[in-house]
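**Q** please find the sequence and the predicted model below.
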Amino acid sequence: MKTLYLIILFSITYVTSAVGQYFQQEVNTIIDVRLNDVSHQLSAFETIEYRNNSKDTLTFIYFHLWANAYKNNKTKLAQQLREDGELNLHFSKASDRGFIDSLDFRVNGTQLKLEYNENIDYVKVILNRVLLPQETIVITTPFRVKIPYGNISRLGHLGNAYQITQWFP
């Protein structure tokens, strides 16, 4: 009985301490965007207000560039679709694929360094100064999205009918 009591007490203490450590970063965005329904492209400018609600000092932030998942047949999305027997992206023409480009992340007009790895769906944005806990930073970037043909996945177009999901950094 004493052992059971200690296990329950330990479990309650562990769960309580884990809940106390939970945080979620706060990200507020404003996006000015235009759709070119001839070239199937979005041209945009994004302002990102990022509040560090963690207890850590941040020197970089990762951004998801989902549209790059449609860039070629070597992406993680293409691999997953192939494994599921879906070959539309694998055999698609370059003109039917999508991407995001023209990124120029800045803070107060100063350009930030970007680091890419083999996964082109993400970019590591190196901050030009540390972001302390409870501080807020404003990051801006223009970007362009080539919307892929709509037979691949959720982001796409069929003629001038659009499904626009996960399209901004």
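**A** Happy to help now that I have it.

**Q** what sits against N88?
**A** N88 makes contacts with 81, 151-152, as judged by Cβ atoms under 8 Å, 6 or more residues apart in numbering. Backbone N, C-alpha and C define where each C-beta goes, glycine included.

**Q** which of these fall within helices?
**A** In this view, the contacts of N88 that belong to helices under DSSP state H are L81.

**Q** just the buried ones from the contacts of N88, in PyMOL syntax?
**A** Selection of buried members from the contacts of N88 for PyMOL, criterion 16 or more other Cβ atoms under 10 Å:
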select buried, resi 81+152
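
**Q** redo the contacts of N88 as TSV? Include distance to N36.
**A** Formatted as TSV, the contacts of N88 follow (distance: Cβ to Cβ, whole Å):
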residue	distance to N36
L81	27
N151	21
I152	20
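
**Q** and the contacts of N88 as TSV, adding distance to N73 and pLDDT?
**A** Formatted as TSV, the contacts of N88 follow (distance: Cβ to Cβ, whole Å; pLDDT from 0 to 100):
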residue	distance to N73	pLDDT
L81	9	86
N151	14	86
I152	11	85
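
**Q** and which of the contacts of N88 is nearest to K71?
**A** Distance to K71, by Cβ to Cβ, is smallest for I152 among the contacts of N88, at 11.4 Å.

**Q** L81 versus L87, what's the distance?
**A** Counting by Cβ to Cβ, to the nearest Å, the gap from L87 to L81 is 7 Å.

**Q** I meant to write L103 there.
**A** 25 Å.

**Q** swap in I152?
**A** Taking Cβ to Cβ as the measure, I152 falls 8 Å from L81.

**Q** which residues do the two both contact?
**A** In terms of Cβ under 8 Å, 6+ apart, I152 and L81 are both contacted by the residues 88-89.

**Q** which residues touch the spatially closest residue to Q24 that is not a sequence neighbour?
**A** Leaving aside its chain neighbours, Q24 sits nearest to N53 (6.3 Å; criterion: Cβ to Cβ, 6 or more residues apart in numbering). Each residue near N53 by Cβ under 8 Å, 6+ apart is listed here: 23-26, 133-134.

**Q** in strands only, show me these.
**A** E26 (DSSP state E).

**Q** closest one of the contacts of N53 to K76?
**A** Distances from K76 to the contacts of N53, taken as Cβ to Cβ, are shortest for Q25 (23.4 Å).
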